[in-house]
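Student: the amino acid sequence is not available; the structure is as follows:
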């Protein structure tokens with residue numbers, strides 16, 4: 001704003017100092033006519049000084065215009081950089097939303113709730129009615145009550161089977177189709193499609209006889225760690241090492257993100273600790289030169 005005011009002021013000064021423009025509105029005597037009272041040498045010097053002042057005024061105006069234009073260019077570049085930064089942040093947020101949707105527990109809970117409602121809920125309702133009927137008829141007709149109880153027993157076993165099937169569906173989609181190594185590779189490909197994160201996998205174990213519960217927990221921990229690396233660490237590279245050491249299964253996940261001064265055990269980290277404790281494993285977190293998660297599980 002101050003540059004614009006100065007630009008207007010200089011323009012007004014230039015107009016007011018221009019004899020041809022001013023005399024158009026208000027008749028004035030040309031200053032050079034006053035120089036006629038002096039001899040030729042002094043008159044020429046005064047005319048030269050007048051011309052120099054006029055030229056200096058024009059040069060000053062041009063210099064100011066150049067500075068003003070450069071200033072406007074710098075401001076436009078600054079605004080462009082800010083807009084680019086906002087666009088980049090927006091893009092990262094969109095990528096994070098996609099990753100979170102893919103790895104979120106919310107969808108799993110909804111799916112399990114639907115499974116339990118559709119299978120166990122109806123089965124339990126039928127069992128309750130059957131038991132009530134047995135209570136009513138057990139004294140009058142014990143044989144019929146016994147037959148009814150056998151039917152209820154079959155329904156209970158079927159319900160238990162449905163529960164197991166529902167819990168099996170809680171396994172990550174990739175682990176329903178592949179073993180752990182292949183599942184991680186598929187997860188890498190999926191993440192690469194929606195983010196710029198580079199994931200390096202160093203897999204050094206034999207999966208023969210590998211417990212599916214351990215597979216599930218390791219896969220979930222890797223998912224959560226990658227999500228944290230993207231969301232909190234703003235990492236560009238994640239290294240995953242899975243190997244055996246002294247009869248222990250070891251998992252190390254390290255990113256090159258910004259890390260943190262103090263490790264805050266939020267929902268995600270608490271879930272990791274709880275999951276690893278289910279298989280008698282130890283888990284530790286470090287925040288030096290990025291963020292590192294280390295897990296050791298007895299075999």
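Tutor: Received it, and whenever you're ready, just let me know what you need. For clarity, every value in this text was computed on a predicted model and none was experimentally measured.
Student: burial of residue 263, as a residue count?
Tutor: Residue 263 has 13 neighbouring residues, counting by other CB atoms under 10 Å. Where C-beta positions appear, they are placed from N, C-alpha and C, glycine not excepted.
Student: what sits against it?
Tutor: Contact criterion CB atoms under 8 Å, 6 or more residues apart in numbering gives 269, 285, 287 as the residues in contact with residue 263.
Student: relative to residue 233, how far out is the nearest residue to the last one once chain neighbours are set aside?
Tutor: This means residue 287. Closest residue to residue 287 apart from its sequence neighbours, by CB to CB, 6 or more residues apart in numbering: residue 259 at 4.1 Å. According to CB to CB, to the nearest Å, residue 259 stands 7 Å off from residue 233.
Student: what ranges does the stretch 51-200 of the chain have for its strands?
Tutor: Assigned by DSSP state E, counting those that start in this stretch, the stretch 51-200 of the chain shows strands spanning 198-203.
Student: low-confidence ranges in it?
Tutor: Regions of the stretch 51-200 of the chain meeting the criterion pLDDT under 70 cover residues 90-130, 155, 158-159, 161-176, 193-194.
Student: the same query, at a cut-off of 90, please.
Tutor: Screening the stretch 51-200 of the chain residue by residue with the criterion pLDDT under 90, one finds the ranges 51-197.
Student: rewinding a little: helix, strand or coil: sort out the residue nearest to residue 287 for me.
Tutor: Classification of residue 259 using DSSP: H, G, I helix; E, B strand; the rest coil returns coil.
Student: per-domain residue ranges of the chain.
Tutor: When the chain is parsed with automatic domain parsing, its domains come out as 2-85, 105-168, 178-298.
Student: looking at those, which is buried most?
Tutor: Ranked by mean neighbour count, the domains of the chain are led by domain 178-298 with a mean of 16 (mean count of other CB atoms under 10 Å).
Student: having no further points to raise, I will conclude here.
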